[in-house]
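In: Pasted the sequence and its predicted model underneath.
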There are 2 protein chains.
Amino acid sequence: MREILDIQKQLMPDLMDIMKKRYSILQHILVSGVVGRRTLASSLDMTERVLRGEVDFLKELGLLEFDASGMKISESGRQLLEDMQPIIKMAFGLTDLEDSIAKAFNLSNVIIVPGDSDTSVFTKKELGRAGAAALRKYIAKDDIIAVTGGSTMAQIANNLALSSSMKGSLFVPARGGLGESVDMQANTIASIMAKKTGGKYRLLHVPDHLGEEAYQSLIQDPQIQEVVDAVRSCRIVVHGIGDAMVMARRRKVDAGTTSSLTADGALAEALGYYFDRQGNVVHKMPTVGLRLEDLHRVEVVIGVAGGKSKGEAIASVLRHGQEDVLVTDEAAALEIMKHVQ
Amino acid sequence: MREILDIQKQLMPDLMDIMKKRYSILQHILVSGVVGRRTLASSLDMTERVLRGEVDFLKELGLLEFDASGMKISESGRQLLEDMQPIIKMAFGLTDLEDSIAKAFNLSNVIIVPGDSDTSVFTKKELGRAGAAALRKYIAKDDIIAVTGGSTMAQIANNLALSSSMKGSLFVPARGGLGESVDMQANTIASIMAKKTGGKYRLLHVPDHLGEEAYQSLIQDPQIQEVVDAVRSCRIVVHGIGDAMVMARRRKVDAGTTSSLTADGALAEALGYYFDRQGNVVHKMPTVGLRLEDLHRVEVVIGVAGGKSKGEAIASVLRHGQEDVLVTDEAAALEIMKHVQ
DNA sequence: TATACCCGGGACATAAAACGTCCAACAATG
DNA sequence: CATTGTTGGACGTTTTATGTCCCGGGTATA
């Protein structure tokens, strides 16, 4: 059952919107009993003429009946509506969630894949596919794309494919070494993405746990500077979002910092910054690259993360308010909605 | 599984065509490997511009990839195509059958409902619904509609509903008494249809087994003449199709006639006429009303019949060549195709 | 019964989309 | 190198969708 709708959404997302539109017209007429064009149009927030096109069509199909007192649903229309209910729910339950989250956090686009990445590797893969699709949608000629590390980002990289529109793209790590394992590092991800798409890449080799003097001299190195400049002038950022404590542990942050993170109520991590519940930055990792204040100038900020356990963290980062696009999964989305307001 | 597609076909038949179009584009590109716009357009029988609109869209969706040497399918496109195969078959298997039959017998429209009316009353009801929908589609203001008797016609009558476009319709029996039981008689059907749609009706009261002189005087009765004139000037005919021997038995045709029907190879019955395999008329019932030669002038001739057992009979009547629209079921359609050429 | 309101349907100008038809730049191939 | 076929861009035209009226006719209400 599920499969058909997913396939159709992939092949004809435009047509699915029309399906929803027709459904809600029928639905409104059903609950209204008998209703006129103008009344219905305003209640559906459509112009009279557009609604008219649809209801005329639905009448042709025998789903509606017109008479001088207004339009009402026909028997077969009523039956159809009843049969459709589960289908609409399956097809558009997530769409409604997407709209709610987009509105709550003022995002321009939210994509939710069904499932829970915490419990299903398939959902995690799907999240990667959706992330890759979102990136492909925004990418333009000769863009610079800054990316972070993490397993979700790795999935996105896996799902990118050769594309002429990405030929001139430059992939860079958003920030230098953040203490993650090699195959999840931003450097690795950027290079894989470049190879997959036929684009170019530059890496930021900044060793972890560097002393302060060594760090200062390193970031004045011309080669490093060049990459950092590229990073800060990127048009697109794609980044993962993590739970603060999980990330701290993975990055082997020292005990003192960890306890101060706890004390400050750090909940989420993104781009090397730690956020509390209200979306305030409570800590930042000491490395080079994209700074949070650079995000203002970035045209498209895409956050990708899924899994029920990350829901609250995602909400925290969203509350900080720099995101434009969110790609997540159903389980995380439901958690996010619990933390609205 | 089946349900979703049926529902969608009912709510958005137009969109299903687009789905099929996109599928066949992908399909063609898959088998072609790499192919150019013009080549593909001619092989799909589309204009270049229209195809271009679709492939551009499919590229946006990430299902196709373009490069200088042509278009080819992407990995996700290939996967999608594979997943879609059963869906397309379910959704359009009958459509293909419809097209084949329409072409073979030069019909302007063929509607096939799934199932076998012989074995499923649900299919029979569905046939009635489809027949009613077909009639509703062709009916116009103040039309005269001639109908015959039979259980299928009764189902159609059941499925008609009040409609403003049928307000002025006049329903008449196509032919006078044909020896059927009352609730299946053309007279009964015409009156039910009129009541259901809010139209008018006239009846032809011609007793069966009338002597020749009585018959002659009856058909000169002014009242009868008026109805007969109306019948012969009808714009739409809706009629059932039966197996010759079954009909003969039901109508209690005398033994002599029955054996001559057998001798002449009578296979099918429609409108009181008996047809052999080649579609020639081999016998006609002695009553008044619509004559076969009147069908030339009738704008829309709709034949409705289903069930595997009727397939051959339907093919015979179609071969006679007066039909414009056929409404049947899957089992009969498959039989009909066996008798093409 | 009179009236005010809302209905569907017709009409029409206009904006927008689809379409047919070219052409230029480019890659592959012989 | 010449030829062929490709994409992507361009542009005028046709078709469709849309916004906006209005009319005659029911309907409910005063």
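Out: Here it is on my side, so go on. Computed from a predicted structure; not experimentally measured.
In: Tell me where chain A has strands.
Out: Residue ranges of the strands in chain A, as given by DSSP state E, are A:64-67, A:70-73, A:109-113, A:144-147, A:170-173, A:200-201, A:236-240, A:242-243, A:266-270, A:273-276, A:281-284, A:300-304, A:325-329.
In: Can you convert these into JSON lines and add a column each for mean pLDDT and distance to B:Arg136?
Out: Bear in mind the C-beta positions are built from the backbone N, C-alpha and C, glycine included. Output for the strands of chain A, formatted as JSON lines (pLDDT from 0 to 100; distance: least, C-beta to C-beta, whole Å):
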{"stretch": "strand A:64-67", "mean pLDDT": "86", "distance to B:Arg136": "11"}
{"stretch": "strand A:70-73", "mean pLDDT": "87", "distance to B:Arg136": "16"}
{"stretch": "strand A:109-113", "mean pLDDT": "92", "distance to B:Arg136": "41"}
{"stretch": "strand A:144-147", "mean pLDDT": "93", "distance to B:Arg136": "56"}
{"stretch": "strand A:170-173", "mean pLDDT": "92", "distance to B:Arg136": "59"}
{"stretch": "strand A:200-201", "mean pLDDT": "88", "distance to B:Arg136": "62"}
{"stretch": "strand A:236-240", "mean pLDDT": "95", "distance to B:Arg136": "53"}
{"stretch": "strand A:242-243", "mean pLDDT": "94", "distance to B:Arg136": "60"}
{"stretch": "strand A:266-270", "mean pLDDT": "94", "distance to B:Arg136": "59"}
{"stretch": "strand A:273-276", "mean pLDDT": "94", "distance to B:Arg136": "61"}
{"stretch": "strand A:281-284", "mean pLDDT": "92", "distance to B:Arg136": "65"}
{"stretch": "strand A:300-304", "mean pLDDT": "95", "distance to B:Arg136": "50"}
{"stretch": "strand A:325-329", "mean pLDDT": "96", "distance to B:Arg136": "46"}
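In: Would you format those as a markdown table with distance to DNA strand C included?
Out: Conversion of these to a markdown table gives the following (distance: least, C-beta to the nearest atom of the strand, whole Å):
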| stretch | distance to DNA strand C |
| --- | --- |
| strand A:64-67 | 4 |
| strand A:70-73 | 4 |
| strand A:109-113 | 19 |
| strand A:144-147 | 23 |
| strand A:170-173 | 20 |
| strand A:200-201 | 17 |
| strand A:236-240 | 26 |
| strand A:242-243 | 41 |
| strand A:266-270 | 37 |
| strand A:273-276 | 40 |
| strand A:281-284 | 42 |
| strand A:300-304 | 23 |
| strand A:325-329 | 23 |
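In: State the distance from the residue in chain A sticking out farthest from the centre to chain B.
Out: Among residues of chain A, the one most distant from the C-alpha centroid is A:Ala68; the distance is 48.0 Å, by C-alpha atoms, centre = their mean. Relative to chain B, A:Ala68 is positioned 8 Å away (C-beta to the nearest C-beta, to the nearest Å).
In: do A:Thr47 as well
Out: For A:Thr47, the distance to chain B equals 21 Å [C-beta to the nearest C-beta].
In: What parts of the stretch 1-150 of chain A come near DNA strand D?
Out: On the criterion C-beta under 7 Å from any atom of the strand, DNA strand D has as its neighbours in the stretch 1-150 of chain A the residues A:47-50, A:52-53, A:68-69.
In: Quick check: which ranges of the stretch 101-250 of chain A have low pLDDT?
Out: Applying pLDDT under 70 to the stretch 101-250 of chain A flags residues A:162-167, A:178-179, A:208-211.
In: hey, where'd the helices end up in it?
Out: Counting by DSSP state H, counting those that start in this stretch, the segments of the stretch 101-250 of chain A that form helices are A:121-138, A:151-159, A:186-197, A:212-218, A:222-232, A:244-250.
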